[in-house]
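Participant: After the sequence you'll find the predicted model.
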Amino acid sequence: MNNIDIYPTMYGLDLAVCNSKCSNNDIKKLFVKLSKEELTDNDLNGDCRGYTINLLSRKGYTPTALVRILNTEGKTKKERDIDLLNTITHEATHVLLDTYSKMNENISLDYQEPAAYYMGWIVGNIYKTYFKNK
């Protein structure tokens, strides 16, 4: 079973999303650092709710933004759901900005629709994959 979904884009930076069962080894099997060095557990362990890391796929060295949600906080289901939404949105913002940076483009304040649609696509894919096989 694959614990990482890959979402190709036309922007030069693919999106990879870990589901809730994803391990460090799942990531290391598919990706290397941007320097093409091997990933270590220290590269992938975080003292946070989630992270986005830019990597290269082993297959073709495709630049890829990998999103991993590690945990949620809150006493009630509603609090945990809100925390998850905040974390997904936070990580999606990193992907959005990294994509625009990769393209050497700026987000236009006068024409925001492309960025807004892309953000929705990123958030939707993170959410879909996070709950896959949960």
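Facilitator: Okay, I see it. Numbering: from 1, shown residues only.
Participant: Going by C-alpha atoms from here, please, whenever you check contacts or count neighbours.
Facilitator: Will do.
Participant: got the buried residues for the lengthiest helix in the chain?
Facilitator: Among the elements of type helix in the chain, defined by DSSP state H, the one spanning the most residues is helix 77-102. Judged by neighbour count using 16 or more other C-alpha atoms under 10 Å, the buried positions of helix 77-102 are 83-84, 87-89, 91-100.
Participant: where are the low-confidence patches of the protein?
Facilitator: Across the chain, the stretches falling below the confidence threshold (pLDDT under 70) are 1, 134.
Participant: can you map out the helices along it?
Facilitator: Assigned by DSSP H, the helices in the chain fall at 24-30, 41-44, 77-102, 113-130.
Participant: For those helices, give me a markdown table that also has distance to Thr52.
Facilitator: Output for the helices of the chain, formatted as a markdown table (distance: least, C-alpha to C-alpha, whole Å):
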| stretch | distance to Thr52 |
| --- | --- |
| helix 24-30 | 12 |
| helix 41-44 | 10 |
| helix 77-102 | 6 |
| helix 113-130 | 11 |
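Participant: Which one of those helices lies nearest to Gly60?
Facilitator: Proximity of those to Gly60 was assessed by C-alpha to C-alpha; the nearest stretch is helix 24-30, lying at 10.8 Å.
Participant: Flag every buried residue along that closest one.
Facilitator: Using 16+ other C-alpha under 10 Å as the burial criterion, the residues of helix 24-30 that qualify are 27-28.
Participant: Next, the contact list for the closest residue to Lys59 other than its chain neighbours, please.
Facilitator: With sequence-adjacent residues excluded and distances taken as C-alpha to C-alpha, 6 or more residues apart in numbering, Lys59 is closest to Leu30, at 7.7 Å. Going by C-alpha atoms under 8 Å, 6 or more residues apart in numbering, Leu30 touches 57-59.
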